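K.L.:
Got a sequence here, can you build the structure:
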Amino acid sequence: MTVHARKLSLMLLAVTGILLLCIALWLQSFISTAVTPAAPQIVEIKSGSSFSRVASQLEQFGIIKDARLFTLLARWHKATGQIHAGEYLFETSAKPDDILARLIAGDIRKFQVTIPEGFNLQEIAARLEKTGIGSAEEFLTLCSDARFLNELDIDAASLEGYLFPETYTYSSATTPSQILTAMVAQLRMQLTPELLERAAALNLNRHQFLTLASIIQKEAGNVMEMPLISAVFHNRLKRGIPLQADPTVIYGIADFDGNLTRKHLETPTPYNTYRTRGLPPGPIASPGRFALQAAANPAVSKDLYFVSRGDGTHVFSTNLNDHTRAVRRYQLGR
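P.N.:
The predicted structure is shown next:
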């Protein structure tokens, strides 16, 4: 190699070294510099989005300075296929490494929805619709979908009574089937082997047990009286006396307007427990923990009747004469 060629080669190496040093400093500056969004930003990463698309979104919202460098950083960490879909909230200063770590961890926005005890499917669907996860119609359709019920191992016509009332956490990526599955799983946690064994000892299978618990839930004005109400229904079932539970009648009325009439009580429906002995075909609402416990553990009582005092409590009676007097006093105002 000539002296001229050697000098040219050394110059090229020097220039290359300088370029590499500049690139390294550029990358180091990118990695070590934290970026603060001008305002809190919510970025939704859709399922199936390419990493370059995600990087462009982050640059567009002012969360990172350079989408290309951020993509190179992710490739360096072999993380381009490890990010999670969902909504992310960016509001504080963060370095690119921190942003990438959040995407990999799936640190998405979380929300909560509370399903009260005693809600039926219509009410639950309306409450879930407000989350934006899906429409009420979607939820109701899924709740009676035979394939979905089979996947959940539920031998019933719908999920009525099988969605446990609780507070649930969800994200924008949560699907209707996922949150319903979580609600059924929560119920299964409540139905311990001991509770189901106790129900079986009372001649109730799981579906019948949930049905009775749902009636207790709707009838009770406070949790303290649930075992007493449970005892009345158990006593009636043993004697073959109709349950005569107003909430079941109401459940069987389409478009109930809030006024329960004598005609309603006399109209035969599968849920009219004034006309039919035994339990109705299925639950009428979602029972909570206390109602489940009460259904499996009724109070020791011979009571066959109860009537509301109008303050959330009831008067219990063992015979029709006493019950009639209680009705006259508290319902008829005599």
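K.L.:
Now residue 278: closest residue in space that isn't a chain neighbour?
P.N.:
Leaving out its chain neighbours, the residue that sits closest to residue 278 by CB to CB, 6 or more residues apart in numbering is residue 237, at 6.7 Å. For every residue, glycine as well, the C-beta is placed using N, CA and C.
K.L.:
So for the one you found, what's the pLDDT?
P.N.:
Looking at residue 237, its pLDDT reads 97.
K.L.:
got the contact list for it?
P.N.:
Counting by CB atoms under 8 Å, 6 or more residues apart in numbering, residue 237 touches 243, 278, 279.
K.L.:
Kindly report the same for residue 251.
P.N.:
So residue 251 contacts 120, 271, 280, 284, 285 (CB under 8 Å, 6+ apart).
K.L.:
Give me the lowest-pLDDT entry from the contacts of residue 237.
P.N.:
Ranked by pLDDT, those bottom out at residue 278, which has 93.
K.L.:
Could you confirm it falls within a helix?
P.N.:
No. Applying DSSP: H, G, I helix; E, B strand; the rest coil, one finds residue 278 to be coil, outside a helix.
K.L.:
which residues touch residue 184?
P.N.:
152, 154, 159, 162, 163, 164.
K.L.:
could you say which helix or strand contains it?
P.N.:
Using DSSP states H and E, residue 184 sits within helix 176-190.
K.L.:
following that helix, which helix or strand shows up next?
P.N.:
Downstream of helix 176-190 (by DSSP H and E), the next one is helix 193-201.
K.L.:
how far away is residue 200 from residue 179?
P.N.:
30 Å (CB to CB, to the nearest Å).
K.L.:
So these two - more neighbours on which side?
P.N.:
residue 179 (21 against 13; other CB atoms under 10 Å).
K.L.:
Turn the contacts of residue 237 into CSV, including neighbour count.
P.N.:
Listed next are those as CSV, based on neighbours: other CB atoms under 10 Å:
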residue, neighbour count
243, 20
278, 13
279, 22
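K.L.:
from those, which single one is nearest residue 60?
P.N.:
residue 279 (58.8 Å; CB to CB).
K.L.:
separation between the closest residue to that closest one other than its chain neighbours and residue 95?
P.N.:
In space, and not counting its chain neighbours, residue 279 is closest to residue 211: 5.0 Å by CB to CB, 6+ apart. According to CB to CB, residue 211 and residue 95 sit 57 Å apart.
K.L.:
Is residue 168 in a helix, a strand, or coil?
P.N.:
Put simply, residue 168 is strand when judged by three-state DSSP.
K.L.:
got the contact list for the closest residue to it other than its chain neighbours?
P.N.:
Of all residues not flanking residue 168 in the chain, residue 113 sits nearest, at 5.5 Å (CB to CB, 6+ apart). Neighbouring residues of residue 113 by CB under 8 Å, 6+ apart: 127, 128, 130, 131, 167, 168, 170.
K.L.:
Now distance to residue 296 and neighbour count too, for those, in a markdown table please.
P.N.:
Below are the contacts of residue 113 laid out as a markdown table (distance: CB to CB, whole Å; neighbours: other CB atoms under 10 Å):
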| residue | distance to residue 296 | neighbour count |
| --- | --- | --- |
| 127 | 27 | 16 |
| 128 | 28 | 25 |
| 130 | 33 | 9 |
| 131 | 32 | 16 |
| 167 | 24 | 9 |
| 168 | 25 | 19 |
| 170 | 30 | 19 |
